[in-house]
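Novice: Just the structure for this:
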Amino acid sequence: QVQLVESGGDSVETGGSLRLACVASGLSFADADMGWYRRGPGNECEWIASIGSVGNPSTFYSNSVNGRFTISHDPDKNTVYLQMTSLSVEDTAVYYCAASNYGSDAPDYWGQGTQVTVS
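Specialist: Here you go, the predicted structure:
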């Protein structure tokens with residue numbers, strides 16, 4: 001059974017930083033593409049960052065977070081991180097970790113989400 005467990009969500013002031021973590025189990029982490037999504041109040045789910053498999057760890061970012069957020073992973077811990085800086089009120093959302101099996105065009109697995117509130 002695949003599980004993705006996010007942590008690190010918190011309430012912070014504008015301009016602050018947070019680091020989210022997502023621990024994956026039950027899948028081949030080395031072969032999976034990992035990503036972060038978010039859903040703000042009244043908004044649709046938005047893709048914000050992704051990182052390729054361990055053998056090809058290319059990173060990609062949405063325009064809304066590029067230059068402020070950094071995605072990374074630690075294969076030894078089966079964990080993907082999202083370092084967030086220069087946070088603004090618009091970043092308030094529930095942040096979700098997602099995993100895609102090799103060859104998938106869309107996420108196959110989702111975490112339960114972690115709340116980030118910026119005020």
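
Novice: How about the contacts made by the nearest residue to residue 8 once chain neighbours are set aside?
Specialist: In space, and not counting its chain neighbours, residue 8 is closest to residue 20: 4.1 Å by C-beta to C-beta, 6 or more residues apart in numbering. C-betas here are computed from N, CA, C, even on glycine. Residue 20 sits next to 6, 7, 8, 9, 36, 81, 82, 84, 95, 97, 114, 116 when contact means C-beta atoms under 8 Å, 6 or more residues apart in numbering.

Novice: so the residue positioned nearest the centre of the chain, which of the three states?
Specialist: By C-alpha atoms, centre = their mean, the mean C-alpha position of the chain lies nearest to residue 36, the distance being 2.6 Å. Residue 36 falls in the strand class when you classify it by DSSP: H, G, I helix; E, B strand; the rest coil.

Novice: these two touch, right, it and residue 96?
Specialist: Yes: counting by C-beta atoms under 8 Å, residue 96 is a contact partner of residue 36 at 7.0 Å.

Novice: which residues of the protein fall in strands?
Specialist: Taking DSSP state E to define them, one finds strands in the chain at 3-7, 11-12, 18-25, 33-39, 45-51, 59-61, 69-74, 79-84, 93-100, 109-110, 114-118.

Novice: Tabulate these (CSV), appending mean pLDDT.
Specialist: Converted to CSV, the strands of the chain look like this (pLDDT from 0 to 100):
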stretch, mean pLDDT
strand 3-7, 97
strand 11-12, 98
strand 18-25, 97
strand 33-39, 97
strand 45-51, 96
strand 59-61, 97
strand 69-74, 97
strand 79-84, 98
strand 93-100, 97
strand 109-110, 97
strand 114-118, 98
